[in-house]
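Engineer: Sequence first, predicted coordinates after that:
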Amino acid sequence: INISCSITGDPESGVDGYLAINRYVLWVDSPGVCHGGYVRSVCIFGVGDLQPMADDYHMFANKFYYDFEPMALRCLVERHRNWTRDDILGTSTNRINNSFYGSLPNVKNHITSGLESN
């Protein structure tokens, strides 16, 4: 529709054909191993899923249940706090891979006309 922040090109293009590259999710038929359990075909992550999740490029994860292996969620909260602390102190080594995200079709093909830069 040619408005600012809309995307030109094929909206179905993406990493491995998945649109939700920002969300780590394992469906029952997804590649990868769910160490937690499945509810309605979606993996409920547990402690065993943390390392593969940390090695991946996603920013968020779906799905955790606090009453199922709550230590998994607590570990993620601690990791986030550590990253925030390190960022404030200027000692962070965990930066977002801007080149990876910058090369995605929805970033390269978005319309910027009319946007003011700050």
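Structural biologist: Right, received. Where do you want to start? Please read all numbers here as calculations on a predicted model, not as lab measurements.

Engineer: Arg79 and Gln51: what is the separation?
Structural biologist: Arg79 is 12 Å from Gln51, where distance means Cβ to Cβ, to the nearest Å. Backbone N, C-alpha and C define where each C-beta goes, glycine included.

Engineer: let me redo that: Val107
Structural biologist: For Val107 relative to Gln51 (Cβ to Cβ), the value is 28 Å.

Engineer: Arg79 and Gln51 - which one has more neighbours?
Structural biologist: Arg79 (13 against 10; other Cβ atoms under 10 Å).

Engineer: helices or strands up against the helix or strand containing Arg81?
Structural biologist: Using DSSP states H and E, Arg81 sits in helix 70-89. If you count contacts as 3 or more Cβ pairs under 8 Å, 6 or more residues apart in numbering; DSSP states H and E, helix 70-89 packs onto helix 50-54.

Engineer: So which elements touch the helix it packs on?
Structural biologist: helix 70-89.

Engineer: Please identify the buried residues of the helix it packs on?
Structural biologist: Ala72, Leu73, Leu76 (16 or more other Cβ atoms under 10 Å).

Engineer: ok, and the closest non-adjacent residue to Asn62?
Structural biologist: Val25 (4.5 Å; Cβ to Cβ, 6 or more residues apart in numbering).
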